[in-house]
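> Only the shape, not the letters, is given here:
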C-alpha cells in the first residue's frame, strides 16, 4: 500500500483506533519490554500511531522519545496522550531526523507498506552502532489455527495489511543478533535485532 494511502486510511481511523485495535494487536507491551530501555536512551518509534507505545516508552524512562507517522490525525491523538514525545509527520521510509537513536521500534506498521524494506533500512541508518531494533507485526497463523489463514488474510486485506513479510530474515540480514517470539498462535511475531553480538 502506498504511503499516502496509508496516511489517509489511518487519518480516518484515528478517533476509533485505540478502541478497535486493542483486542487484535498482541505483543506491543512485550515489544517495548524487549527494547530494554535505559534512562539515557534515545528511542524512535516508526509508525507511532496514537502513541500507545510512546507512552510506555516514556514511562520506561527513556531520555528522548520521537514518534514518526504519516497520519496527522493519529499524531494529534499521540500529542494528547504523550506530550513528552517529539512527533514528526513523515514517511518512515524517507524521513531524516538528524540524529541516531539507541532503540528503534516498529509496531504493526511494516505490514502496511509496499516499501517496508526501505523503512527498515532507514531505521537502521538512524540506529546507533550498538543499538537495538524491535519489530512486532502480523504473520500467518500456525499450528491448530492454520486452517483460519484464508479468512484471516481476507480480513486483514480490508485494512491494507499483509501477513507474509519475512521479518525474521529481514532483521537477520541487517543485525548481528536476532531473537524471535510468536505470541498468540503465531498470529503475530516479535523480532529483536541487536547491532552487536
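That came in fine, so what should we check first? All values reported here derive from a predicted model rather than from experimental measurement.

> Give the buried residues for stretch 174-191.
Neighbour-count burial for stretch 174-191, counted by 16 or more other C-beta atoms under 10 Å, picks out 174, 175, 178, 182, 186, 187, 188, 189, 190, 191. In short, each C-beta sits where N, CA and C put it, glycine included.

> so where does the closest residue in space to residue 88 that isn't next to it in sequence fall, helix or strand?
Leaving aside its sequence neighbours, residue 88 sits nearest to residue 68 (C-beta to C-beta, 6 or more residues apart in numbering; 4.9 Å). Here residue 68 sits within strand 64-69, counting by DSSP states H and E.

> go on, residue 105?
If you go by DSSP H and E, residue 105 is part of strand 101-107.

> end-to-end on stretch 92-109?
Start-to-end span of stretch 92-109 (C-alpha to C-alpha, to the nearest Å) is 10 Å.

> what does the average pLDDT come to for it?
When pLDDT is averaged over stretch 92-109, the result is 96.

> got it, and stretch 64-73?
For stretch 64-73, the mean confidence score works out to 94.

> Just the buried positions in that stretch, please.
Using 16+ other C-beta under 10 Å as the test for burial, stretch 64-73 gives 65, 66, 67, 68, 69, 70, 71, 73.

> Residue 31 and residue 72: what is the separation?
25 Å (C-beta to C-beta, to the nearest Å).

> Just to be sure, residue 140 is in a strand?
No: looking at residue 140 with DSSP: H, G, I helix; E, B strand; the rest coil, it is coil, so not inside a strand.

> pretty sure it contacts residue 164?
Yes: with contact defined as C-beta atoms under 8 Å, residue 140 and residue 164 form a contacting pair (6.7 Å).

> so residue 178 sits right up against residue 172, yeah?
Yes: using C-beta under 8 Å, residue 178 and residue 172 qualify as a contacting pair, with a distance of 4.8 Å.

> what residues are shared contacts of those two?
Jointly contacting residue 178 and residue 172 under the rule C-beta atoms under 8 Å, 6 or more residues apart in numbering are residue 193.

> tell me the contacts of residue 36?
So residue 36 contacts 103, 132 (C-beta under 8 Å, 6+ apart).

> hang on, the earlier thing: just checking, next helix/strand downstream of the strand holding residue 68?
helix 72-81.

> next helix or strand past the helix or strand bottoming out on mean pLDDT in the chain?
Least confident helix or strand of the chain, by mean pLDDT, DSSP states H and E, is helix 17-21 with a mean of 51. Counting by DSSP H and E, the next helix or strand C-terminal to helix 17-21 is helix 28-34.
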